[in-house]
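**Q** Turn this into a structure:
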Amino acid sequence: MQAESSEDDDLFEHHRIVVDKGQVPVRIDKFLMDRVPNITRNKTQNAIREGFVKVNDQEVKPNYKVRPEDIIIISLPEPPRESEVIPEDIPINIVYEDDDLLVVHKEAGMVVHPAYNNWTGTLVNALAYHFKNLPENRDGRPGLVHRIDKDTSGLLVVAKSEHALQHLAKQFFDHSIERTYYALVWGEPKQEAGTIDVNLGRSLKDRRVTAAFPEGDFGRHAVTHYKVLKNLRYVSLVQCNLETGRTHQIRAHMKHLGHPLFNDATYGGDKILKGTVFSKYRAFVENCFKVMPRQALHAKSLGFVHPTTQKFIQFDSELPEDFQKAMEKWEHYVQHH
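**A** Below is the predicted model:
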């Protein structure tokens, strides 16, 4: 049996299990309890009933009998807790809030979830402080359904109740959440619009990096739709819509396309990849890097079905100041050179 785990996709505690050829038939809830660490029978059965478990891409019932070579995907909408979250009085930009959920505009530079090297100062610490004053607050624990990278800015939805958490997580699992990102990338994509349908997985050389596997022989299915909004000769403003939610999906997909994100150090965008060799141009680019000292990626809009009203709601956000300033610099440069 093979089991892969990827904690930082849209749903936390994501497991993919390929059942052994010699496996005897056994109920799936019992099978998963033996295979997935720190999971209770109750949590397993709830996950199956809520549709967070798929066998060969199909939802199943708790009494389903596991068969040899079945491919089981299990995704749980609750982050692993390595330690108690400490509530911290950190300012957060709340765009919308009701009894079920809140939508937050995360600043670039803020880590979303506490983890090794970042136990404090995260968005979850800030939310725990905000939640402790609420009447129904799931024991002060914010229900994170998805996350965005530390140096990516933009919108996140957070559940305030168990019902909302399950409901939103299911929409992520079914890829029905609408998410639009703006990215400034190096160069000009050949096609004005397109779809990148290329598997992504942890790089075999460096586990911190997501790599593209165009042969489909490794990694997991990943789909990004993109559209060029503005061509600036050396760089382009691109709108990306996610169909799946893999780690570093846009960053890895755009690199695969040959257009890494501007100033994305992890994926090679922090070097001059398009333009002249003149020192004046180099100084201009360096200046842009200083203005936007991170990858040029912003989670611009978010749309989903509200867990209680069942109505589709959508939120949009302005580009942050550093992104706007970098864009203005490029626009000015292109006009005058």
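**Q** Next one: residue 154 from residue 25, what distance?
**A** 46 Å (CB to CB, to the nearest Å). Every residue, glycine included, has its C-beta placed from N, CA and C.
**Q** Compare those two (neighbour count), which wins?
**A** residue 154 (24 against 10; other CB atoms under 10 Å).
**Q** so where's the chain uncertain?
**A** In the predicted model, the chain carries pLDDT under 70 at residues 1-14, 37-38, 76-83, 116-117, 133-142.
**Q** all helices of the stretch 201-337 of the chain, in order?
**A** Using DSSP state H, counting those that start in this stretch, the helices found in the stretch 201-337 of the chain span residues 249-256, 279-291, 321-336.
**Q** from the middle of its chain, how far away would the last one be?
**A** Between the centre of helix 321-336 and the centre of its chain there are 27 Å (CA atoms, centre = their mean, to the nearest Å).
**Q** Ok, the first one next?
**A** Relative to the mean C-alpha coordinate of its chain, helix 249-256 is positioned 13 Å out (CA atoms, centre = their mean).
**Q** switch to numbering from 22
**A** From this message on, residue numbering opens at 22, which makes the last subject helix 270-277.
**Q** From the contact counts, what lies against it?
**A** strand 199-207, strand 214-218, strand 220-223, strand 231-234, strand 244-253, strand 256-263 (3 or more CB pairs under 8 Å, 6 or more residues apart in numbering; DSSP states H and E).
**Q** and with 7 Å instead?
**A** For helix 270-277, the elements it packs on are strand 199-207, strand 231-234, strand 244-253, judged by 3 or more CB pairs under 7 Å, 6 or more residues apart in numbering; DSSP states H and E.
**Q** Okay, now the sheet partners of the shortest one, with direction.
**A** Same thing as strand 231-234. Applying DSSP bridges, strand 231-234 is found paired with strand 220-223 (antiparallel).
**Q** May I see the buried residues of stretch 230-247?
**A** Residues 230, 231, 232, 233, 234, 240, 241, 243, 244, 245, 247 are the ones in stretch 230-247 that count as buried (16 or more other CB atoms under 10 Å).
**Q** and the residues you listed as JSON lines, adding distance to residue 283?
**A** Listed next are those as JSON lines, based on distance: CB to CB, whole Å:
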{"residue": "230", "distance to residue 283": "18"}
{"residue": "231", "distance to residue 283": "18"}
{"residue": "232", "distance to residue 283": "20"}
{"residue": "233", "distance to residue 283": "19"}
{"residue": "234", "distance to residue 283": "25"}
{"residue": "240", "distance to residue 283": "25"}
{"residue": "241", "distance to residue 283": "26"}
{"residue": "243", "distance to residue 283": "21"}
{"residue": "244", "distance to residue 283": "23"}
{"residue": "245", "distance to residue 283": "17"}
{"residue": "247", "distance to residue 283": "15"}
